[in-house]
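[1] Here is a sequence together with a model predicted from it:
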Amino acid sequence: MTWALLLSLPVIACAAAIAGLFARREAVSRAGAEDVFRMQLVGYPTRRVDEALARLDAQIAANDALLAGGTDAWGEHPAYAPSSAPATAAPTAVAAAAPTAAAAAAPVVAASAEVAGSSTTVADARTPACGIGWGTIDLVVVAVYVGTALHVLSNLVTRMSSGYLSQGVQDHQAFEWYFGASAHNVATLSNPLFSDRQNFPDGVNLMANAAVTGLGIPLAPLTLVLGAHVTFFVVELLGLAGTAAAWYWFLRRRGLVRPAAAVGGWVTGFAPAMVSHANGHPNFIALFLIPVILDRLLRLAEGERRVRDGIVLGLLVTWQIFIGEEPLLLAAMGMLVVGFVLLVHRKLDVARMVPGVAIGAGLSLLLVAVPLWWQFSGRQSYTSIYHLPGGNDLASLWGRATRTIGTDPWSSAALSMNRTEENAFFGIPLWVLAGLITVVLFRRPVVQALAVLAVTASWLSLGEEVVMRGRPTGIPAPWALFDELPVLENVLPTRFAMIAIPAFAGLVAIGIDAAFRAAPFGATTPQGGTEGPRLPSWLEPRVAGWAVTAAAAVALLPILPTPLQVDPRPAVPTFFTGDAWRDWSHGGSILAVPPTDIVDARAFDWQLAADTLAFPIVEGYFVGPNGQPDRGGQYGATRRPLSLWLYDVNAANVATPATDAQRVQFLADLGAWRTDTVVLPMRDQTAALRDSLVTVLGEPVQVEDVYVWDVRGLRT
């Protein structure tokens, strides 16, 4: 806490200096100097039309020069390079075409500038919303994102099959199994929304689970060739880096300068919540479609290609549904909050969006109608699943996450549900920086919208009652108003804090962008004179920008991630790594002893090592129906007496002979599971489990490093 407060001091000092600078520039502007930078969004002032047209002329000329191979020293288009003096006249031929080009470009660029919160004129925007050019600098930014993702996953790089992300309990293995199930369905041309490879013979409804089929099916060839362990690592790596790169792309398309977009993208990809979910929730880190969907919505409000953009929007939403429905739901709620604020300020043309959104919604509904029916009414479906109250501790909003540099993991862990749900932990300096940017640039509607989103999302994430450092305060929180609504009842309130991540990223990026567009060391007067000292033209407009960028870097130090913890997996028996298992699998299931469940998913590794789910297993780790009339959901299968007995024997590690009545019941359970073989690997609890099973099935056969019982005769 102490050093976090100390880190906030340079942030406060820098932001205060920039605020004073902006105030000075505003005063100079009112005194009659040229309007180089202003804090608020305005339209396209009539008194500046001639100047804007002249600048557009210069842009066109500079674009012609760019086509001939020219760029400035910073890798920017010359047309977008900041200038403190009015643009010079363009050549006659270019000037003749300027009015037409200006008429076509002004609405698009102006709309982009409004949404991005950029400065006053079209000419001030570095990149138009209609597209950006990617160069070496952009590739370097993406490389930094990939490098950061590799840093987070560094302990897993060389141990994809021998290690696992242990702080996610068994989630790592569960998602590997989902990737294996998708690959198996592709290879066998089976129903892509269902699998009987666990919980045999009832199976698992993949649509009713976070199966990430939207990535598992496209990556099926990779899974079949290199294995699900590699697929999981690739999805995690591309999820973190790809999400950051996608937001970088979005911010650049909205006209923000590269440093601003780079910092904003990094925050969205590597905030503590993203690193936390990387412990085993790839569906919550593969969020690279969210900014693309948002960009398409804004294009519908800006452009005329409603049918094309609507179709693309529908396809994007459909793909995101198959990657993760809950992240899409959270993103939609965030977009509604921001959209409402912009609508109040009349900065969002909803009427223009409606036709394209309707086309996209109709197409998406058409494509997902059957999968959604299967999810809620198909085989092994359920209505909803109960979660314990899962709100954030109030202190977690400004606290430190367990996987951040210099933190005390024990004190951090006390503020969250578990290591995969550290959804807040923004740190004091980031709150301070975002707050100061909000105050300085408050006149911008987009800044107001992002600030409202950050506060609203954080407030909702507190759950039903405010808890401070583990102690209930008795203060009601707003989630009680929503926790019984359809669909929302399945959402953990702590995850609403994730909506605040792009809000913080956007505020920081807009603050940096605004500083880059300021001319802090002197204002050019209409007569060509200057106010105050001046720096060289290539440095002048960048001093404030780099100062705020440095302040942002300091503010982000408390959330700098550390590598995720990786522990050794239980060794896969050679019985499964070789071909011995083939002699004991005959179309029925294999019962792993003890049966697979939420705390013991080692049998998933057996399936993946043998031949990508070539044989099914009994029970498992998934979400399915609880067998009650209300069709509620539960984690894992409804346990049969044999699995409960094996669980108790394993926990006590004491041989427990079965009674005659139990023996009859246990044999019936094996028949209901349509079991071919019971497999007991040799490990610490082998003796107790083996001696107990002998009283039910007789003496086993030792094959390599496992005991096996052939029970095909019990199948019904």
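    Received the coordinates, thanks. Keep in mind the model is a prediction, meaning the values are calculated, not measured.
[2] quick one, strands of this structure?
    With DSSP state E as the criterion, the chain has strands at 163-164, 194-195, 204-205, 465-468, 471-476, 523-524, 530-531, 567-568, 589-592, 623-625, 633-635, 675-681, 701-703, 706-710.
[3] What strands line up against the last one, and which way round?
    This means strand 706-710. Neighbouring strands of strand 706-710 in its sheet, by DSSP bridges, are strand 675-681 (antiparallel), strand 701-703 (antiparallel).
[4] closest one to L485 among the ones you listed?
    Closest to L485 of those is strand 675-681 (C-beta to C-beta; 42.3 Å). (C-beta placed from N, C-alpha, C; glycine too.)
[5] mean confidence score for the closest one?
    Here strand 675-681 scores 96 as its mean pLDDT.
[6] What of stretch 266-285?
    What stretch 266-285 shows for mean pLDDT is 97.
[7] Show the end-to-end separation of that stretch, please.
    For stretch 266-285, the first-to-last residue distance is 13 Å (C-alpha to C-alpha, to the nearest Å).
[8] returning to what we had before: would CSV of the strands of the chain with mean neighbour count and distance to M417 be doable?
    Formatted as CSV, the strands of the chain follow (neighbours: other C-beta atoms under 10 Å; distance: least, C-beta to C-beta, whole Å):
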stretch, mean neighbour count, distance to M417
strand 163-164, 23, 20
strand 194-195, 23, 28
strand 204-205, 26, 25
strand 465-468, 16, 11
strand 471-476, 10, 15
strand 523-524, 20, 53
strand 530-531, 15, 56
strand 567-568, 10, 20
strand 589-592, 25, 29
strand 623-625, 20, 17
strand 633-635, 15, 15
strand 675-681, 23, 32
strand 701-703, 14, 42
strand 706-710, 21, 37
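[9] T243: which of those strands is closest?
    Comparing those under C-beta to C-beta, the one sitting nearest is strand 163-164, at 22.5 Å.
[10] Can you tell me what sits against that closest one?
    With contacts defined as C-beta atoms under 8 Å, 6 or more residues apart in numbering, strand 163-164 is touched by 155-156, 172-173, 566-569.
[11] What of stretch 484-491?
    Stretch 484-491 is contacted from outside by 326, 329-330, 384-385, 387, 482-483, using C-beta under 8 Å, 6+ apart.
[12] For it, the averaged confidence score.
    For stretch 484-491, the per-residue pLDDT averages 79.
[13] What residues of it count as buried?
    The neighbour-count check on stretch 484-491 (16 or more other C-beta atoms under 10 Å) flags 490-491 as buried.
[14] end-to-end on that stretch?
    For stretch 484-491, the end-to-end distance is 10 Å (C-alpha to C-alpha).
[15] How far away from the center of its chain is it?
    With C-alpha atoms, centre = their mean, to the nearest Å as the basis, stretch 484-491 stands 21 Å off its chain's centre.
[16] In this structure L460 contacts P493, no?
    Yes: using C-beta atoms under 8 Å, L460 is in contact with P493, at 6.3 Å.
[17] which neighbours do these two share?
    W479.
[18] ok, so of the contacts of stretch 484-491, who is nearest L556?
    L330 (22.6 Å).
[19] quick one: contacts for that closest one?
    491, 495-496, 498-499.
[20] go again using 7 Å as the cut-off
    Contacts for L330 (C-beta atoms under 7 Å, 6 or more residues apart in numbering) come out as 495-496, 498-499.
[21] sorry, back to before: any idea which of the strands of the chain gets closest to L642?
    strand 589-592 (8.3 Å).
[22] For that closest one, name the packing helices and strands.
    Helices and strands touching strand 589-592, by 3 or more C-beta pairs under 7 Å, 6 or more residues apart in numbering; DSSP states H and E, are strand 675-681.
[23] show me where the stretch 401-550 of the chain has helices.
    Secondary structure of the stretch 401-550 of the chain by DSSP state H, counting those that start in this stretch: the helices cover 409-413, 428-440, 445-460, 500-516, 543-556.
[24] ah, wrong one, I meant the stretch 251-400 of the chain
    Using DSSP H, counting those that start in this stretch, helices in the stretch 251-400 of the chain cover 258-270, 272-277, 289-302, 306-323, 325-344, 350-377.
[25] how far does the fifth one sit from the chain's center?
    What it means is helix 325-344. With C-alpha atoms, centre = their mean, you get 15 Å for helix 325-344.
[26] now the angle from it to helix 306-323?
    Counting by axes from the mean of the first three to the mean of the last three C-alpha atoms, to 10 degrees, helix 325-344 lies at 140 degrees to helix 306-323.
[27] tell me the contacts of the residue nearest to D393 when sequence neighbours are not counted?
    Leaving aside its chain neighbours, D393 sits nearest to L415 (4.4 Å; criterion: C-beta to C-beta, 6 or more residues apart in numbering). The neighbours of L415, taking C-beta under 7 Å, 6+ apart as the test, are 393, 395-396, 399.
[28] mind putting the residues you listed in TSV, neighbour count, distance to P472 and pLDDT included?
    Output for the contacts of L415, formatted as TSV (neighbours: other C-beta atoms under 10 Å; distance: C-beta to C-beta, whole Å; pLDDT from 0 to 100):
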residue	neighbour count	distance to P472	pLDDT
D393	22	10	92
A395	17	13	94
S396	28	15	94
G399	27	18	93
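[29] Tell me the one of these nearest G314?
    Here the nearest of those to G314, counting by C-beta to C-beta, is S396; it sits at 36.9 Å.
[30] From what I see, the closest one and A424 are in contact.
    Yes: shown here, S396 and A424 form a contact pair, counting by C-beta atoms under 7 Å, at 4.5 Å.
[31] Output the below-cut-off pLDDT ranges for the chain.
    Confidence mapping of the chain against pLDDT under 70 gives the ranges 1-59, 61-132, 519-541, 716.
[32] Only whichever of the contacts of stretch 484-491 are buried, select them in ChimeraX.
    A single ChimeraX command selects the buried members of the contacts of stretch 484-491 (16+ other C-beta under 10 Å):
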select :326,329,330,385,483
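[33] okay if I get the contacts of stretch 484-491 as JSON lines plus distance to L224?
    Shown next, in JSON lines, are the contacts of stretch 484-491 (distance: C-beta to C-beta, whole Å):
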{"residue": "E326", "distance to L224": "28"}
{"residue": "L329", "distance to L224": "32"}
{"residue": "L330", "distance to L224": "32"}
{"residue": "S384", "distance to L224": "35"}
{"residue": "I385", "distance to L224": "32"}
{"residue": "H387", "distance to L224": "35"}
{"residue": "F482", "distance to L224": "42"}
{"residue": "D483", "distance to L224": "42"}
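[34] from the contacts of stretch 484-491, which is closest to F250?
    So of these, ranked by how close each gets to F250 (C-beta to C-beta), first place is L330, at 16.9 Å.
[35] Phi and psi next, for G227.
    phi 110, psi 160 (degrees, to the nearest 10).
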